[in-house]
Each structure stands twice: as C-alpha cells, then as structure tokens.
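J.: Test case, fold it:
(chains A and B)
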Amino acid sequence: DSGVTQTPKHLITATGQRVTLRCSPRSGDLSVYWYQQSLDQGLQFLIQYYNGEERAKGNILERFSAQQFPDLHSELNLSSLELGDSALYFCASSFTGANYGYTFGSGTRLTVV
Amino acid sequence: TQLLEQSPQFLSIQEGENLTVYCNSSSVFSSLQWYRQEPGEGPVLLVTVVTGGEVKKLKRLTFQFGDARKDSSLHITAAQPGDTGLYLCAVTISGGGADGLTFGKGTHLIIQP
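T.: As a prediction, the model looks like this:
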C-alpha cells in the first residue's frame, strides 16, 4: 500500500457519459497530480493541485476538470467521454515534489464503450 | 518530439544476464528519477539522481546520471524474474510552483526464468 488511495479501481462507461475519479493523497502530502497512461502516449501529466489550488496544467482536455478539497482529496471529472479516453488514470502525491519524489496510487482503469 | 527518449523499448533476456537501459535527452536537468511499474500498479520510485556523474546503487541495480546531466542509465546485474516490469525515467519541469513529472515512454523488461 503506497498510501495514495484511488477509487474506483475499474470503471466501464458509455461514450458521452461523465465520470468522477477520486484520489486521497498520502498523509502529509499537499500536492496532488493526475496522470493519464495509454499504450501509445505513455504516462502524460494532466494537472497539479497544491493545498487546494491549481498549480499547473499539462495535456488536459477541456472536457476534463479537477479539484482538490479542503481535506486534500482530489477528484478528476471526465465528461463527454470518447472511446479514446479509455486509459489508466493515476494520481500521485508529494510533499515537496522533485526533491522527495512522488508516490503513485494504483490507478483507475477507465474503459469507454 | 519526446523530451526523454528511452531505449530499448522492449528487452527480453534470460535470468542471470546483465542489462543496461538508457534515458537520453538534449536538455539539461537538475535531477532525474527512475521508476518501475508492474502491471496493474502505479509507478514506484527507485532512485533520484541529482549530480552530474553521480552513481547510485540499489542492490543489483546501478543508476548513473550523465556528466552533463542530459542522460542516465540503469544497469541490472544478474537479472531475476522479479525485475520484470516497465522502467520509466522522469524529470521535473519546474516553474511557478509547478513540478509535475515528464516521463519517457519506458523500457518494457521481461526476465525469463
């Protein structure tokens, strides 16, 4: 157990639908990062939150959004889903980032049918 | 253009053999991290290298950061089936408080008994 909890582990939904992925960071970590992993693109950085505020955006589509709540858990919202959104979505947390490393959760496997 | 180029993309060898995988870039980095990812799990941090020319050892794994801090290598001695996994190098592109990771596409390593 890495200390980063992601739910659900698997999600199957239809095109056009909306889903919410949840992440609880490791205790004490203030930063939460979301990543998408697909076979062709590899691991892609989507977005970072620090103590409730958005810090950076990566390759995140406009159909996707995220937020971090006062208790530091984070949610990634994916809407108007397309077949190409099928991927593994990982959450990672960190206390200070580069110097101390990042701890990843086990991911949510999203399948859009 | 991929910021981090990892090679080889796939490697399958017999138990007991030695191997080296590479992570190359034309950019200079202040630090570089190596992760290992097993199927169905998130990446797990193996090591962070910071100083040009630095060598770090983790049991049978030896990590080296290039003198110019543009590249890195991972050498495994006497590989075992438990070493099987996806090996990823990653760097942090920092700025304005943002510090999300940028990953290479990884080396898929299979160690056959």
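J.: Which residue ranges of chain A form strands?
T.: A:5-7, A:10-13, A:19-24, A:31-38, A:42-50, A:53-57, A:64-68, A:74-78, A:87-94, A:103-104, A:108-112 (DSSP state E).
J.: Let's have the ones you listed in TSV, adding mean pLDDT and distance to residue B:88.
T.: From N, CA and C alone the C-beta is placed, and that goes for glycine too. Shown next, in TSV, are the strands of chain A (pLDDT from 0 to 100; distance: least, C-beta to C-beta, whole Å):
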stretch	mean pLDDT	distance to residue B:88
strand A:5-7	97	18
strand A:10-13	98	23
strand A:19-24	98	20
strand A:31-38	94	10
strand A:42-50	92	7
strand A:53-57	91	20
strand A:64-68	97	22
strand A:74-78	98	21
strand A:87-94	96	12
strand A:103-104	94	11
strand A:108-112	97	18
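J.: Output those strands in a markdown table, with distance to chain B and mean neighbour count appended to each entry.
T.: Shown next, in a markdown table, are the strands of chain A (distance: least, C-beta to the nearest C-beta, whole Å; neighbours: other C-beta atoms under 10 Å in any protein chain shown):
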| stretch | distance to chain B | mean neighbour count |
| --- | --- | --- |
| strand A:5-7 | 8 | 17 |
| strand A:10-13 | 10 | 13 |
| strand A:19-24 | 11 | 19 |
| strand A:31-38 | 5 | 24 |
| strand A:42-50 | 4 | 22 |
| strand A:53-57 | 3 | 16 |
| strand A:64-68 | 12 | 19 |
| strand A:74-78 | 14 | 21 |
| strand A:87-94 | 5 | 25 |
| strand A:103-104 | 3 | 22 |
| strand A:108-112 | 8 | 18 |
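J.: Who are the packing partners of the worst-scoring helix or strand of chain B on mean pLDDT?
T.: Of all helical and strand segments in chain B, the minimum by mean pLDDT, DSSP states H and E falls on strand B:101-103, at a mean of 89. Applying 3 or more C-beta pairs under 8 Å, 6 or more residues apart in numbering or on different chains; DSSP states H and E, one finds that strand B:101-103 contacts strand A:42-50, strand B:85-92.
J.: what about 6 Å?
T.: Using 3 or more C-beta pairs under 6 Å, 6 or more residues apart in numbering or on different chains; DSSP states H and E, the elements in contact with strand B:101-103 are strand B:85-92.
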